[in-house]
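K.L.:
what follows is a protein structure lacking sequence information:
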């Protein structure tokens, strides 16, 4: 089984920068003008999952909730620290999660669409 998490956005370039350049996901595909949609796939080649972000003439109707999270696990404390420094270097500040578990076991950021992500260390779940 594979997984695709798809979301419509009005912020495609900032999303690519956030998830690609800063978080470190790879562009594994893209498309243009497919029935009025453009999109990009970001993930890790061979991982069996990826994120899809699309744009179209219609604006997204997001209704984010503080408990809507994507959680990314780093393999080591050193990897975790490098990623925290990349967010800081791009002036993306941590935010406080509603669920205290994520504040104790990870670091949280808000993406350009207002959705929260958590960066945690593998094995903490």
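P.N.:
Right, received. Where do you want to start? Model, not experiment: these values are computed from the prediction.
K.L.:
and the helices in this structure, which stretches?
P.N.:
12-16, 77-89, 100-105 (DSSP state H).
K.L.:
give me the residues contacting the second one.
P.N.:
To tie it back to what came earlier, the one meant is helix 77-89. Contacts with helix 77-89, where a contact means Cβ atoms under 8 Å, 6 or more residues apart in numbering, come from 22-24, 74, 93-94, 107, 109, 119-121. For the C-beta atoms, the positions are set from N, CA and C on the backbone; glycine is no exception.
K.L.:
distance to residue 12 for those residues - can I get that in CSV?
P.N.:
Formatted as CSV, those follow (distance: Cβ to Cβ, whole Å):
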residue, distance to residue 12
22, 15
23, 15
24, 18
74, 26
93, 22
94, 24
107, 25
109, 18
119, 22
120, 27
121, 30
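K.L.:
picking up where we left off before, out of the helices of the chain, which one sits most buried?
P.N.:
Comparing the helices of the chain by mean neighbour count (mean count of other Cβ atoms under 10 Å), helix 12-16 comes out on top with a mean of 16.
K.L.:
who touches the residue lying closest to residue 43 once chain neighbours are set aside in this structure?
P.N.:
Spatial nearest neighbour of residue 43, chain neighbours left out: residue 50 (3.1 Å); criterion: Cβ to Cβ, 6 or more residues apart in numbering. Neighbour list for residue 50: 3-5, 28-29, 41-44 [criterion: Cβ under 8 Å, 6+ apart].
K.L.:
can we see that at 7 Å?
P.N.:
Contact analysis of residue 50 by Cβ atoms under 7 Å, 6 or more residues apart in numbering lists 4, 28, 41-43.
K.L.:
same deal with residue 68?
P.N.:
Counting by Cβ under 7 Å, 6+ apart, residue 68 touches 115-116.
K.L.:
so what does it have for phi and psi?
P.N.:
Backbone torsions of residue 68, given as degrees, to the nearest 10, read phi -80, psi 110.
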